[in-house]
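Colleague: give me a model of this one.
(2 chains)
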Amino acid sequence: MRIATWNVNSVRQRLDHLLYWLKEAEPDVVCLQEIKCLDEAFPRAEVEAAGYNVATHGQKTFNGVAILSKAPVEITRGLPGDDADEQARYIEAVVPHGAGVVRVASIYLPNGNPPATDKYVYKLAWMDRLIAHARGLLKLEEPLVLAGDYNVIPDARDARDPAAWAGDALFLPTTRAKFHELLNLGLTDALRASTDAGGLYTFWDYQAGAWQRNNGIRIDHLLLSPQAADRLCAVRIDKDMRAREKPSDHVPVVIDLN
DNA sequence: ATGACTTGCGCGGCAAGA
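Modeller: As a prediction, the model looks like this:
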């Protein structure tokens, strides 16, 4: 089973890229972030015509997540823990796989900049809610894939220029500590299960020729429960998508589970 | 040294992103 995550930075702006990539990569499940539209504005018919069931948790202008799946799935929208939170950043699916299921979440973790504001407070609180929810999901002892744009650079080797990110909400020690708290529940960073190499990035800023200079960061992650990690066969980053005309600033990250 | 793009909204430049 092939599962991918991709922050598309507006699904309507990226529809051609998405349809091209679905055909090329042939994923079974795709977690999208930053669809940046209401549910009714999602290009549902086009994606369904490509062979996918579509479940969205959209929002006007900002945020918005979706899960595309070849098989019909059972969907839950929103991250538990704060009924007042109106930002659409979490959607979860139970996907049939063989005789059992794989549970897959599409996550758009808050950016949190600037750090001296309530935006950073919100980021940390959201991470606490994700940790609490993940703790509950792990008790199910299912194959579980928490996939998305975490807005967390886990380690210095995950940035071309770590010093430039020193005071940033994506790389502050508090942010990284909370990410490790999540991992320490028993989750495996899929990419790190396959390599210790640095220089593997998933995001390059639009500005200042970041792509041309390979000035990237790794912030899109697939975190696996033990039952999913045991089945991990392959991990890849579809970097080529960043070189196309009018790309997203993020590229797809893809895993294969047996 | 500084700013450097891209989006949505909606038609004038902001806010937000990372």
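
Colleague: chain A: helices as residue ranges?
Modeller: Remark: helices assigned in chain A by DSSP state H are A:15-25, A:44-49, A:118-138, A:173-183, A:190-194, A:226-229.

Colleague: could you redo the ones you listed as JSON lines and give each row distance to DNA strand B?
Modeller: For the C-beta atoms, the positions are set from N, CA and C on the backbone; glycine is no exception. As requested, the helices of chain A are arranged in JSON lines below (distance: least, Cβ to the nearest atom of the strand, whole Å):
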{"stretch": "helix A:15-25", "distance to DNA strand B": "10"}
{"stretch": "helix A:44-49", "distance to DNA strand B": "15"}
{"stretch": "helix A:118-138", "distance to DNA strand B": "6"}
{"stretch": "helix A:173-183", "distance to DNA strand B": "12"}
{"stretch": "helix A:190-194", "distance to DNA strand B": "17"}
{"stretch": "helix A:226-229", "distance to DNA strand B": "25"}
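
Colleague: turn those into a markdown table, including mean pLDDT, distance to A:S106 and mean neighbour count.
Modeller: As requested, the helices of chain A are arranged in a markdown table below (pLDDT from 0 to 100; distance: least, Cβ to Cβ, whole Å; neighbours: other Cβ atoms under 10 Å):
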| stretch | mean pLDDT | distance to A:S106 | mean neighbour count |
| --- | --- | --- | --- |
| helix A:15-25 | 98 | 14 | 16 |
| helix A:44-49 | 98 | 14 | 14 |
| helix A:118-138 | 98 | 12 | 17 |
| helix A:173-183 | 98 | 16 | 16 |
| helix A:190-194 | 97 | 15 | 18 |
| helix A:226-229 | 98 | 15 | 19 |
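
Colleague: residues of chain A that sit close to DNA strand B?
Modeller: A:7, A:9-10, A:12-13, A:34, A:36-37, A:60-62, A:110-111, A:113-114, A:119, A:149, A:151, A:170, A:203, A:205-208, A:217, A:219, A:246, A:249 (Cβ under 7 Å from any atom of the strand).

Colleague: make a ChimeraX selection of whichever of these turn out to be buried.
Modeller: Buried subset of these, written as a ChimeraX selection, criterion 16 or more other Cβ atoms under 10 Å:
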select /A:7,9,34,36,37,110,111,113,149,151,170,203,217,219,249
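
Colleague: in strands, which of the residues of chain A next to DNA strand B appear?
Modeller: Applying DSSP state E to the residues of chain A next to DNA strand B, the entries found in strands are A:7, A:149, A:203, A:217.

Colleague: which of those lies closest to DNA strand B?
Modeller: When those are ranked by distance to DNA strand B (Cβ to the nearest atom of the strand), A:F203 comes first, at 4.7 Å.
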